[in-house]
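Colleague: Model the following, please.
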Amino acid sequence: MGKIKKLKRISYGFRNLDHFLKRIRLICA
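Modeller: The predicted structure is shown next:
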């Protein structure tokens, strides 16, 4: 249970990071 929760949190964090990078690209471009 703990492992799955941690993996979900990590994948969610990566998704947020990807969204963040896309936003930065839009602002910079």
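Colleague: Okay, now the unreliable bits of this protein?
Modeller: 1 (pLDDT under 70).
Colleague: all strands of it, in order?
Modeller: Read by DSSP state E, the chain holds no strands at all.
Colleague: can you tell me how far Phe20 sits from Gly2?
Modeller: 27 Å (C-beta to C-beta, to the nearest Å). For the C-beta atoms, the positions are set from N, CA and C on the backbone; glycine is no exception.
Colleague: ok, now Asn16?
Modeller: Distance from Asn16 to Gly2, by C-beta to C-beta: 21 Å.
Colleague: Which residue of the two possesses the greater neighbour count?
Modeller: A direct count of neighbours by other C-beta atoms under 10 Å for Asn16 and Gly2 places Asn16 higher, at 10 against 6.
Colleague: where along this protein do the helices fall?
Modeller: 2-28 (DSSP state H).
Colleague: Lys6: neighbour count?
Modeller: Lys6, neighbours per other C-beta under 10 Å, totals 10.
Colleague: Name the surrounding residues that touch stretch 22-29.
Modeller: Applying C-beta atoms under 8 Å, 6 or more residues apart in numbering, stretch 22-29 has no contact partners.
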